[in-house]
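Engineer: Structural data only, the sequence is not supplied:
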């Protein structure tokens, strides 16, 4: 098998993503989990870069790492004593759960190996921002606008729920 | 297509998008009005919402004259099918506004956000009914879900309401994730997200059936969550019980019907090919979609009905019964024929009247006696005859007994199923057996109200039912009986609404 530089970088990023995801899931300490999540986000951003999706990669870092994760950490730190709480994830159905997971894995593996995917072909490492901007204002105008209504509604709802009255 | 053509199409589409634009304008107006009226606990917000809904209603009816068209570069469709659903959703919203005005549960809460969120939710339902692109479908479903979370939690000081909202949100996030994963596999297989093009690609060449099956099953997780079909129904009893009852009533009709709109469009446009001679869709690829949905339908109604038997809380019982009814309505989807779609549409309208009615009676009793337990309903018929009799009508209709609308609705569904051929006979038998089970638990409520003695310690004097309640009961109850006797107009409307894009 011929391993190119591209493949090597991909596998490194995949390892980073999956490894830190595992730390996030299995860690008993919420702060460790959050840091694990941080590296998962970075790994995914790296894969986006590798696939020439520069804009998505930057947004991934800005929104998920810079916004959501920091918010999450603040939430954890400002909440009283949440860092020391034993998160009781008692694995109640260990055997059935693992059987289901292995079954799903086998099926998905078969799907991905046997499918004749519809690849995009070769791509260039050109900036994508201009094209994304054009598409958002033309082909995908409506989903873009619906998203703004969604955010407005979510904001109203969140403000109502969080408010004291 | 050239850039200028795309922009021109977007601008030309605005004319076809008038109901949604008006609804958005209404939402913005309500946000500003809420700021100005904040000091008073005035009924103004509900009045603005009702007037706005009236204007939107005219805009929707006007769409019939514009004709069918795909708008915003095939993102949405304006066709008889989507107009039908928009009318149903708007009717639901208007009625829920009336129920909310009367609700004691909601009094003392700030009404501004409530009605604003309700109108945004309606907008989301409109978009679900007309979406023809996986991205629009997804974002419309998310719009409906996220606003629903906030509305379910609206009684935030009540523990059960907050719990319901949190459960709903967690299940929602989970099923959205599965659906997105399915959509991504579908995109990998076909190279497009437009459901017309997905249909063309699947018709044009052989795709890996296993991959297609997995992707559609994952997508069904998102759709199934909206209609609360097995195995994505777990949220529904807790959410229905914890939410303010008007919102429960809304959730049991609006998002459910919207889920059906999306399912019918997705299966009939993206996964099947229309055969004009047989008035039948033929499933693309060699996967037997009808039998897969048939299994989901059978499991949904059986589970809903069997668990409903054990319930003591009327709201929970109605939650399980509404799971079962999603199973019945799926019977029309299973057969992939015009007649089947038509039967489902008819059933959804009938379900609108009888289910909203049943929930409304629960609201009335809950406000007066402060309980929703079957035991506390004992002897209510002698204390409040009008709501009790109305409840009888709604429950008879939900069971599907003549001469109520529910009977006609079920009749059409089973007729479509039998006509589709012997491979669906087993499903028809399951459906009939389920109706018998349903009769048993609906009868328990009726027995408690009509035949049981009033519990000791409860005063037997008559309850005061305001004329406002009686009027609303009549608005829901009379059509429930009338459609059972004379259903031609509704049947006409439903059969006109089977037409969706691409036109056939």
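Structural biologist: Perfect, I can see it now. Every value quoted in this text rests on a predicted model; they were computed, and no experiment measured them.

Engineer: Now whatever residue of the stretch 51-200 of chain B ends up closest to chain A: which helix or strand?
Structural biologist: Closest approach between the stretch 51-200 of chain B and chain A, counting by Cβ to the nearest Cβ: residue B:150, at 2.7 Å. Every residue, glycine included, has its C-beta placed from N, CA and C. Assigned by DSSP states H and E, residue B:150 belongs to helix B:134-152.

Engineer: Can you name the next helix or strand after that helix?
Structural biologist: According to DSSP H and E, the helix or strand after helix B:134-152 is helix B:159-190.

Engineer: Report the inter-axis angle for whichever helix or strand comes after that following helix versus helix B:159-190.
Structural biologist: Using DSSP H and E, the next helix or strand after helix B:159-190 towards the C-terminus is helix B:195-204. Here helix B:195-204 points in a direction 50 degrees away from that of helix B:159-190 (axes from the mean of the first three to the mean of the last three Cα atoms, to 10 degrees).

Engineer: and the angle from helix B:195-204 to helix B:134-152?
Structural biologist: 130 degrees.

Engineer: list the buried ones in helix B:195-204?
Structural biologist: Residues of helix B:195-204 classed as buried: B:195-196, B:198-202 (neighbour count, 16 or more other Cβ atoms under 10 Å in any protein chain shown).

Engineer: what do you get for stretch A:24-37?
Structural biologist: Within stretch A:24-37, the residues scored as buried using 16+ other Cβ under 10 Å are A:24, A:30, A:33-37.

Engineer: And residue B:498, which helix or strand is it part of?
Structural biologist: Here residue B:498 is assigned to no helix or strand, by DSSP H and E.

Engineer: Would you mind measuring from it to residue B:377?
Structural biologist: Distance of residue B:498 to residue B:377, computed by Cβ to Cβ, to the nearest Å: 40 Å.

Engineer: next one: residue B:449
Structural biologist: In terms of Cβ to Cβ, residue B:449 sits 5 Å off from residue B:377.

Engineer: Could you do residue B:359 as well?
Structural biologist: 14 Å.

Engineer: Ok, residue B:414 next?
Structural biologist: For residue B:414, the distance to residue B:377 - Cβ to Cβ - is 31 Å.

Engineer: Neighbour count: these two, which is higher?
Structural biologist: residue B:377 (26 against 21; other Cβ atoms under 10 Å in any protein chain shown).

Engineer: and the gap between the closest residue to the more buried one other than its chain neighbours and residue B:463?
Structural biologist: Closest residue in space to residue B:377, ignoring its immediate chain neighbours: residue B:448 at 4.6 Å, by Cβ to Cβ, 6 or more residues apart in numbering or on different chains. Distance check for residue B:448 against residue B:463: by Cβ to Cβ, it reads 15 Å.

Engineer: who has more neighbours, the two?
Structural biologist: Using other Cβ under 10 Å as the criterion, residue B:448 and residue B:463 rank with residue B:448 on top: 19 against 15.

Engineer: On the C-terminal side of the helix or strand that contains the more buried one, identify the next helix or strand.
Structural biologist: Using DSSP H and E, the element containing residue B:448 is helix B:425-450. Next along the chain after helix B:425-450, taking DSSP H and E as the criterion, comes helix B:467-485.

Engineer: quick revisit: any idea how far the helix holding residue B:150 is from the chain center?
Structural biologist: 14 Å (Cα atoms, centre = their mean, to the nearest Å).
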